[in-house]
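# Dropping a prediction and its sequence here:
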Amino acid sequence: MEKTFHIQTFGCQMNERDSETLAGMLIQKGYTETPVRAQADIIIVNTCSVRDNADKRFFGTLGQIKKIKEQNPELITAVCGCMMQQQHIVDTVKSKYPWVDLVFGTHNIHEFPRLLENIENEKKKLVAVWEDGGEIVEGLPSERRYPFKSFVNIMYGCNNFCTYCIVPYTRGRERSRKPSEIRKEAEALVKDGVKEITLLGQNVNSYRGSEDADSDSYMDFSDLLRMLNGIPGLERIRFMTSHPKDLSERLIQAYGDCEKLCRHIHLPVQSGSSRILKEMNRRYGKEEYLDLVRRLREAVPDIAITTDIIVGFPGETEEDFSETLDLVKKAGFDSAFTFLYSIRKGTPAAEYENQIPEEIKHERFNRLVDAVNEISASKNREMVGKVADVLAEGQSKNDPTINTGRTSGHKLVNFKGKPGITGQIVKVKITGSNTFSLVGEQEE
């Protein structure tokens, strides 16, 4: 009988991309993907260590898998991803979740086929976690979720060491791919029908790609964008994520030089208080950030700016939080991902005194969400009556005349359209707006 697999992914786009690679490897080995976890011959849980709720969901998922394993003792269970780069998590999995067969990390995903063969042949549990990233392995297979858009990793790791963040410890130091390898992958994707690529990195602004590791010459991120902009058949370029301290004038200028670069930037601010930003080791202040926003909007008047904000960082006062609300209003974000600060073991902020009580965090969080949503709704109302280019991503299950897609500014649009347009960029007249989405009709 044909063997099946199921992958559950927690976390960011980097994890989603890793799961696509794991799926590609399994398909090469003759497996087929199943959406039903209980019907799989192998279950992989790809973990995230950035937020506390991801930890809780992961361990809850392992509890659910135990019941499936009891019904099917031949089931192979594997866990990977950022959480597995932390020794105390690996120790917990080994001691409390003995039904897990394979543990591996972020640095040795390319070894997965060999690790799986060991499990299949030896019938023994295996832990294989590398502490460091080593050389970038090219040419790994991938099973994309969408035929018309794709993630493309341009670099791995992070050197920023924000005091609240575990990523530098789980993803390692920054390593950039060769520009020629990125171009080759993008050209192959376009040949396969991809219209839009999203460039991924923990901080894409830090990209420094060189064909020769010993050379002093390199291509920076704005150079890379200009190179990719010249690929025939590619229609859209996005990227995630940018660090404000590295947002150069050349990158801002790239929006004017590169017609395929989407009019959107995700620029995490994390706090509006310069004092808290210093405690976070972000290496910019409130006014510097607002100046970046001003320069971006001067260069690209229609740019959509989204962000990340953390509420309740240790030592945050009501005055600090007021500075955040003030920045939100002045920046006028199109949307924001808002988070309650959660202690990450192994980070400097975990040891800080004056941790903020949960009830204060939640009260501030609610005020922040109200402020962000009010601005988001206002920004969306400004779109009504305009015509936008929308990449159609699929049809409503309940109404085949309703399509869903994204504008260049990454705004979600639900619109009436012709059948068979999935994967095409179409003109849509915006007829209505909500807080988190737009409504429209495809133009003839």
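Cool, got the structure. Numbers count the residues shown, from 1 in each chain.
# Report the separation between E351 and Y164.
12 Å (Cβ to Cβ, to the nearest Å). C-betas here are computed from N, CA, C, even on glycine.
# Hmm, I typed the wrong one, I wanted I402.
In terms of Cβ to Cβ, I402 sits 40 Å off from Y164.
# more crowded one of the two?
More crowded of I402 and Y164, by other Cβ atoms under 10 Å: Y164, with 23 against 15.
# how far away is that one from T106?
Y164 is 19 Å from T106, by Cβ to Cβ.
# residue ranges for the helices of the chain, please.
Ranges of helices in the chain, per DSSP state H, are 13-28, 52-71, 87-96, 112-122, 167-171, 179-191, 221-229, 249-257, 274-279, 286-299, 318-331, 358-381.
# Out of these, flag the one nearest D214.
Set against D214 and scored by Cβ to Cβ, the helices of the chain come closest in helix 179-191, at 16.0 Å.
# Determine how far the closest one lies from the middle of the whole chain.
20 Å (Cα atoms, centre = their mean, to the nearest Å).
# now stretch 28-45
Distance, centroid of stretch 28-45 to centroid of chain: 23 Å (Cα atoms, centre = their mean).
# Numbering from 630 from now on, please.
Fine by me, first position is 630 from now on; the one you just mentioned is stretch 657-674.
# and that stretch, which residues are buried?
For stretch 657-674, burial by neighbour count (16 or more other Cβ atoms under 10 Å) applies to 658, 660, 663, 666, 669-674.
# which residues are in contact with it?
Contact with stretch 657-674 is made by 631-637, 639, 648, 651-652, 655-656, 687, 690-691, 693-694, 697, 700, 703-710, 742, 745, 770, 772, as judged by Cβ atoms under 8 Å, 6 or more residues apart in numbering.
# With stretch 780-790 instead?
642-643, 645-646, 649, 762, 765, 794, 796-797, 800-806, 811, 814-815, 818, 826-833, 835-836, 838, 850, 853, 872, 910, 912.
# How about stretch 948-957?
By Cβ under 8 Å, 6+ apart, the residues outside stretch 948-957 that reach it are 898, 900-905, 915, 918-919, 938, 940, 965, 993, 996-997, 1000-1001, 1004.
# Now with 6 Å, please.
900-902, 905, 915, 993, 1000 (Cβ atoms under 6 Å, 6 or more residues apart in numbering).
# same question, stretch 1008-1021
By Cβ under 6 Å, 6+ apart, stretch 1008-1021 touches 825, 963, 1032, 1034-1037, 1042, 1050-1051, 1053-1059, 1062, 1067.
# so how many other residues sit close to Q642?
Quick note: Q642 (other Cβ under 10 Å) scores 14 neighbours.
# My error: substitute L755 in the last question.
Neighbours of L755 (other Cβ under 10 Å): 14.
# Skipping adjacent residues, who's closest to it in space?
Distances taken as Cβ to Cβ, 6 or more residues apart in numbering put L731 closest to L755, at 5.3 Å, once the chain neighbours are dropped.
# Which strand residues bridge the one you found?
Taking DSSP bridges as the rule, L731 bridges to A707, L755.
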